[in-house]
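J.: I need the structure of the sequence given here:
(one chain, ligands or ions: 2)
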Amino acid sequence: MKIGVIGGGAWGTALAAVAARGGEVLLWAREPEVVAAINADHANPLFLPGVALSPAIRATGALGDLAGVDALLVVAPAQHVGRVLAETPVGATPLVMCAKGIEAGTRRLVGEVAHAAHPGAPIAVLSGPTFAHEVAAGLPTAVTLACEDSDLQARLAARLAGPAFRPYASTDVMGAEIGGAVKNVLAIACGVVEGAGLGQNARAALIARGFAEMTRFGLARGARAETLAGLSGLGDLVLTCSSTSSRNFSLGVGLGRGESAATLLADRRTVAEGAFTAPVLVEAARDVEVDMPIVEAVCRLLDGAEVRAVTRDLLSRPLRDEV
Ligand SMILES: NC(=O)c1ccc[n+]([C@@H]2O[C@H](COP(=O)([O-])OP(=O)(O)OC[C@H]3O[C@@H](n4cnc5c(N)ncnc54)[C@H](O)[C@@H]3O)[C@@H](O)[C@H]2O)c1
Ligand SMILES: O=P(O)(O)OC[C@H](O)CO
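T.: Ligands and ions are numbered 1, 2, ... in the order given. So this is what the prediction gives:
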């Protein structure tokens, strides 16, 4: 199975490294310097510095070159997936969605964006607690690999699995997507707690109450509770809410210290998906009449509200049952 990868950021490159253990990989990158570095030096110093890549990974700047691969891993940032896929020859090639987010305007998860662009292509979702640099270093990692077609799921899992990379099977594509999209927003909230010095109790409370929000929203959208409690939901939430290795958590730390979102986002080359997902998630939650106060609080903080005011409002909401 020849694997194509769309996106030469940290995660696209790390996944290319995973796939290269089992055969040929063709990676599309937007930046000509990334294409050149992968082909000439077997490295991606721009997005995944310090990692030696396999010569089995070839890079291209032309999406048309991806015609003829057997499966495509889609690893462009969520807001760009639709446009990039529109220019990619896909046909009936399976699309494995590895980006985490919801498209602004359409309120579609990336799998839904892909299906709209290429209705003939089977959709799978690969998601879980996966810092790219750890995966690239060969550290043990487990993910959810969801696909409604169990035979295709098994073929993809066999192609990507390795001694330190373990995909678990699921048919719950919606559940696998929702966990990854929502946890990015909640990680910003946990970063704010860290940056503002609000303490470890507050962070644990946000993880637990954030998981309640993720579960309410996921169930309303047809996800299964056990998927949300698994690797792609709770697993990724815990990882991303506990580490400055997370770009979303780090963005929150800056907000918690009183820096503006505009400045923090302008200063980065890498993507913090939660900043783009938060406002559209608020709209998507209203569509299904689900209350997501922490997600709404993150939106206010991104819009410039003061941490003290947002915290006070969250804590003074009417008392309620936990479940
Ligand atoms: N980095 C991780 O550890 C990790 C792990 C799991 C999932 N993800 C998800 O993977 C996706 C990609 O993240 P990443 O970490 O690989 O990216 P990155 O932050 O390392 O790099 C940014 C990427 O955005 C691309 N980009 C910027 N502007 C673009 C445009 N106009 N059109 C197309 N692409 C554009 C760049 O080419 C680059 O590939 C995100 O949805 C992220 O949430 C990341
Ligand atoms: O750095 P983040 O916050 O985008 O998180 C990376 C991955 O999604 C963790 O699973």
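
J.: Any chance of the backbone angles for the residue in the stretch 101-250 of the chain positioned nearest to ligand 1?
T.: Nearest residue of the stretch 101-250 of the chain to ligand 1, counting by Cβ to the nearest ligand atom: Ala132, 3.5 Å away. In short, each C-beta sits where N, CA and C put it, glycine included. Ala132 has phi and psi values of phi -60, psi -40 when expressed as degrees, to the nearest 10.

J.: hang on, isn't it packed against Ala10?
T.: Yes. With contacts counted by Cβ atoms under 8 Å, Ala132 reaches Ala10, the gap being 3.8 Å.

J.: Number of residues surrounding Gly128?
T.: 23 (other Cβ atoms under 10 Å).

J.: where does it land on pLDDT?
T.: Note for Gly128: predicted pLDDT of 98.

J.: So the nearest residue to it once chain neighbours are set aside, which state does it fall into?
T.: Spatial nearest neighbour of Gly128, chain neighbours left out: Val143 (3.5 Å); criterion: Cβ to Cβ, 6 or more residues apart in numbering. Put simply, Val143 is strand when judged by DSSP: H, G, I helix; E, B strand; the rest coil.

J.: residues contacting Val143?
T.: With contact set as Cβ atoms under 8 Å, 6 or more residues apart in numbering, Val143 has these partners: 126-130, 165-168, 231-232.

J.: buried subset of those?
T.: By neighbour count, with 16 or more other Cβ atoms under 10 Å, these hold 126-130, 165-167, 231-232 as buried.

J.: For the longest helix seen in the chain, list every residue counted as buried.
T.: Longest helix in the chain, counting residues (DSSP state H): helix 173-196. Within helix 173-196, the residues scored as buried using 16+ other Cβ under 10 Å are 173-196.

J.: State the next helix or strand along the chain beyond it.
T.: Remark: after helix 173-196, the chain's next helix or strand is helix 200-220, criterion DSSP states H and E.
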